[in-house]
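Asks: Structure of the sequence below:
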Amino acid sequence: MNTVIYYFSATGNSLVAAKDLAIQLDDAKLIPIIKALKDGADETADTVGIVFPVYMFGLPLIVADFLKSIKVKQSAYVFSMATLGGLPGMAHSQAREILRKRNIELASGFSVVMPGNYTPLYGAKPVDAQQKMFENEKIKTKEIAGFVREGKKGLMEQTPFLPNFLLYKLLYKGGSRQIPLSGKGFWFTDACTKCGLCAKVCPVKNIEMRNGNPAWLDHCQQCMACLQWCPVEAIQYKKSTLGRRRYRHPDVSAQDIIAQKG
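Replies: Now for the predicted structure:
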């Protein structure tokens with residue numbers, strides 16, 4: 001089976017899930033969505049997967065943009081896999097609708113629970129709880145691979161429609177419009193060493209180093225990569241992240257995140 005998996009990841013969850021799934025699917029080819037947006041994605045594979053985190057009960061803006069541009073052959077089996085710290089929201093339905101408008105069928109949508117990384121709302125889970133989630137992720141990706149290999153269709157792993165729809169409409173529909181400008185909420189403490197890692201891990205080049213200090217622009221993704229990867233935890237978002245434990249997947253390095261840009 002000729003399989004390609006496109007992925008977007010800021011703190012490692014979706015990258016690890018994509019890698020584990022690729023191994024189960026006979027070493028499927030992995031392609032970063034960031035790079036695909038730059039180079040173009042005119043895909044000829046028989047099976048195409050899209051792996052991403054859930055943001056605000058919907059798709060990351062960068063993933064939505066990618067789905068609006070990807071090309072696949074008509075006979076391709078296309079599936080999505082979302083990593084999430086809470087509820088999947090309408091992410092799969094949103095992906096299905098975007099693709100449907102382009103005459104591409106989303107065969108199935110899968111959801112994998114991982115430690116959340118949205119520090120503005122909560123701190124990282126204890127290590128033992130994280131480890132249990134990592135173990136469950138291995139089991140779940142193996143199950144997903146079996147489903148994909150058989151070419152099954154119709155499974156959309158979402159919570160009940162009504163609460164999902166209401167949360168999506170309330171938070172994503174209104175809030176996502178403000179995401180690009182949310183960079184102005186980031187700031188740094190005196191602990192900043194001017195290392196520039198925050199600018200390097202930012203997937204959309206929304207951070208510039210000015211006189212050695214990070215400055216946020218107006219096309220943020222709210223992925224939290226800059227905050228989570230800061231080696232001295234100097235980066236904050238408004239006042240809510242002070243003192244909260246950071247999170248990044250222990251099997252992923254900052255260089256892995258940077259490499260997505262090609």
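
Asks: isn't there a helix covering Val4?
Replies: No - assessed with DSSP: H, G, I helix; E, B strand; the rest coil, Val4 is strand; it does not lie in a helix.

Asks: Per-residue pLDDT of it, please?
Replies: The predicted local distance difference test score for Val4 is 96.

Asks: what comes into contact with the strand or helix carrying Ile98?
Replies: Using DSSP states H and E, Ile98 sits in helix 91-100. Helix 91-100 is contacted from outside by 50, 52, 54, 57-59, 63-64, 67-68, 78, 80, 82, 84, 105-106, 109, 111, 156-158, 164, 168, using C-beta atoms under 8 Å, 6 or more residues apart in numbering. (C-beta placed from N, C-alpha, C; glycine too.)

Asks: Apply the buried test to those and list what passes.
Replies: Among those, the ones that count as buried by 16 or more other C-beta atoms under 10 Å are 50, 52, 54, 57-59, 63-64, 67, 78, 80, 82, 84, 106, 109, 111, 156-158, 164, 168.

Asks: low-scoring pLDDT stretches of the stretch 101-250 of the chain, where are they?
Replies: Applying pLDDT under 70 to the stretch 101-250 of the chain flags the ranges 161, 163-164, 170.

Asks: rerun at 80
Replies: For the stretch 101-250 of the chain, the stretches flagged by pLDDT under 80 are 159-176.

Asks: Asp42: neighbour count?
Replies: Per other C-beta atoms under 10 Å, the neighbour tally for Asp42 reads 11.

Asks: if I pick Gly183, what's in contact with it?
Replies: Neighbour list for Gly183: Asn206, Ile207, Trp216, Leu217, Asp218, His219, Cys220 [criterion: C-beta under 8 Å, 6+ apart].
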